[in-house]
Structure formats: C-alpha cells, structure tokens
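A.B. asks: show me how the following folds:
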Amino acid sequence: MEIDILIDTLTNCLIYAETGEECDTEYRFVARTITKEDAADLMAVGWKFDWSIPHKNGYEVYELLLEGGDEVQGMIALKHIHEQYYTHVDIVEAAPFNVGRNGKYKGVGAHLFAIACKLSWDAGNEGYVQFTAKTDLVEHYKKMLNAKCLDWHTLYIDSYGAVALINSNFAHKF
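C.D. replies: Model prediction:
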C-alpha cells in the first residue's frame, strides 16, 4: 500500500494544536484481530483504510495513544522481514481528527514512523524500515524522515535515520 501520511513536525511528544501543549505518548500492540466489521466501524468514523487487511496479511498493528489515554491518535501496520534485516510498513494513518492543517494533534505521522524504527531495532533489524510512498510525497519523506530511495517510490529509513527519529520522538522516554 502507498503511504500518504503528512509528517508535520518532529517532536518528542504530540502537540495539542489549539494550545501548543506538549502531550506525552505511548503505543500498544493490537493483540486482537481487526475484523471486517471492526474496519467498517473505523471507516464509518472517518478512517480511510481497511485495517482488517494488514492483519490478514500477517502484519502487526500498533496504536499511538496519549500517555494514560485510550483514544487512538494513529495506527501503523508493520511486518519484520528478519531474513533481509528490515521492517516493512504497510499502512500508516492518523486518526481522522488529526488529519490536515486543522488536526487536533501535530506530530502523529513522525511518531508512528519512530515506533516502526524502534520496533525494527527491537526485532534485530537495526532500525531499517521500508515503505512505499505516494509519488508526490517521496521528497517530503526524504526531507522529514531522512528516508532514502530504493526506486522511484519505494523508500527506506536506515539505522542513522532510525536513531534520529527514535531520539526526536522518544527522547523523554529513553
């Protein structure tokens, strides 16, 4: 799937857009399988992607939350490709209320990629993350995530980029 999330800012927390307040984050693994019905419920409230598909295809799904909160700020689907030492990201999506210039919180996209980089390190893939970007966002991801090109729209974040993302998004925790 082509990734099309906007990376609006790099910060060690989410920023409440209305006040500029910094809000600490946490993430959690979605242990239960997301069903077609669950995905339809998400789409009914504005999520764009069918989140049942990544689970069917063997991807792990993680939710980004405010620390101590239960409202999902964004989700990411990823799979560790151990034999090739990278983690593949299939879908990255901010919650509908965090999308665009009028989004409630800033920093969601970068946090989701930082989660992927951290999980890649934890899985023994040295932070390498690979994903397919929408063509018009390739340069944006190269600039904001320090991503590099494999081809015209397949990108990867290497160990150096991963460390930078992890440090800028989780500095208050590690």
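A.B. asks: show me the helices in the protein, by range?
C.D. replies: 36-44, 52-56, 108-122, 138-145, 159-170 (DSSP state H).
A.B. asks: any weak-confidence spans in the protein?
C.D. replies: 171-174 (pLDDT under 70).
A.B. asks: pick out the residue nearest the middle of it.
C.D. replies: Taking C-alpha atoms, centre = their mean as the criterion, residue 112 is the residue nearest the geometric centre of the chain, at 2.5 Å.
A.B. asks: for it, which non-adjacent residue is spatially closest?
C.D. replies: Distance criterion C-beta to C-beta, 6 or more residues apart in numbering; nearest residue to residue 112, sequence neighbours excluded, is residue 76 at 4.4 Å. Heads up, the C-betas are built off the backbone N, CA and C, glycines and all.
A.B. asks: what's the burial count for the one you found?
C.D. replies: 28 (other C-beta atoms under 10 Å).
A.B. asks: go on, the one 3 residues further on?
C.D. replies: Applying the criterion other C-beta under 10 Å, we find 16 residues in the vicinity of residue 79.
A.B. asks: deepest of the helices of the chain, which one?
C.D. replies: Ranked by mean neighbour count under mean count of other C-beta atoms under 10 Å, the helices of the chain are led by helix 108-122, which reaches a mean of 24.
A.B. asks: and the angle for that helix with helix 138-145?
C.D. replies: 70 degrees (axes from the mean of the first three to the mean of the last three C-alpha atoms, to 10 degrees).
A.B. asks: please consider this matter closed, and thank you.
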